[in-house]
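Colleague: Output the structure for:
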Amino acid sequence: MRAAAISTPRLDKMPGMFFSANPKELKETDHSLLDDKTHKKRPKTFGMDVKAYLRSMIPHLESGIKPSKSKDILSVNEVMQWSQSLEKLLANQIGQDVFGNFLKSEFSEENIEFWLACEDYKKTESDLLHCKAEKIYKVFVHSDAAKQINIDFHTRESTAKKIKTPTPTCFDEAQKIIYTLMEKDSYPRFLKSNMYLNLLNELQANSLK
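Modeller: Just a heads-up that it's a prediction; the model follows:
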């Protein structure tokens, strides 16, 4: 007698189970997985000129980078100082851009955008305060804002009242909350990120040339 052929069921056809025929179709949305992808891609940048490295991270810096030596753009010492405090990081123009790019990768770029908008607002001439205040409120503070920041109800309501008779300090309370949020949450992760560590490594390598 011939042994009966045993048919092995295909896993991708079993009810209640889904297996993609093409693994590339699987989309990874977890931040740790995204970080892993970044880690795999990032080594390709080593050996690049720092100017090119900065352009790859922050494309809009292209026009602001002069055709000079890399050390004239950003020094190792400057980037190391970024790790001393969020204040020192944000005091540096390229630091703002690199940190902003990091926040974008975490889908929280509205925080630094709001903080920078507030810094700019404080320097606004008195006759333009009302117009700017309304714009900042609508973009970041309003309950239906496109880039709504994470602040409590009391601060949101308080800010709404203050912009009716705007002063240079009407966003101070909300700005302080967002600064503290970045300082305690995003900033420590930034210092451990491939984005920051690779930039520091690039500069250190170039300083030895």
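Colleague: In stretch 109-123, which residues are buried?
Modeller: Under the neighbour-count criterion of 16 or more other CB atoms under 10 Å, stretch 109-123 has Glu109, Glu110, Asn111, Ile112, Glu113, Phe114, Trp115, Ala117, Cys118, Tyr121 buried. Glycine gets a C-beta too; all of them are placed from N, C-alpha and C.
Colleague: At which residues are the helices of the chain located?
Modeller: Using DSSP state H, the helices of the chain run over 31-41, 50-57, 76-81, 86-90, 93-105, 110-122, 129-136, 153-162, 172-181, 187-192, 194-207.
Colleague: Go through those and name the closest to His142.
Modeller: Minimum separation from His142 across these (CB to CB) falls at helix 153-162, 7.9 Å.
Colleague: tell me the pLDDT at Val139?
Modeller: With respect to pLDDT, Val139 has a value of 98.
Colleague: Residues in contact with stretch 96-103: which ones?
Modeller: With CB atoms under 8 Å, 6 or more residues apart in numbering as the contact definition, stretch 96-103 has outside contacts at 57-58, 60-61, 89-90, 109, 111-113, 116, 182, 186-187, 189-190, 193, 195-196, 199.
Colleague: possible to save the helices of the chain as CSV with distance to Lys147 and mean pLDDT?
Modeller: Below are the helices of the chain laid out as CSV (distance: least, CB to CB, whole Å; pLDDT from 0 to 100):
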stretch, distance to Lys147, mean pLDDT
helix 31-41, 20, 41
helix 50-57, 21, 61
helix 76-81, 28, 95
helix 86-90, 18, 97
helix 93-105, 12, 96
helix 110-122, 4, 98
helix 129-136, 10, 97
helix 153-162, 14, 97
helix 172-181, 12, 98
helix 187-192, 19, 98
helix 194-207, 21, 91
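Colleague: before we move on, the earlier item: could you export the buried residues of stretch 109-123 as TSV, including distance to Asp127?
Modeller: Putting the buried residues of stretch 109-123 into TSV (distance: CB to CB, whole Å) gives the following:
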residue	distance to Asp127
Glu109	30
Glu110	28
Asn111	29
Ile112	28
Glu113	24
Phe114	23
Trp115	24
Ala117	18
Cys118	19
Tyr121	14
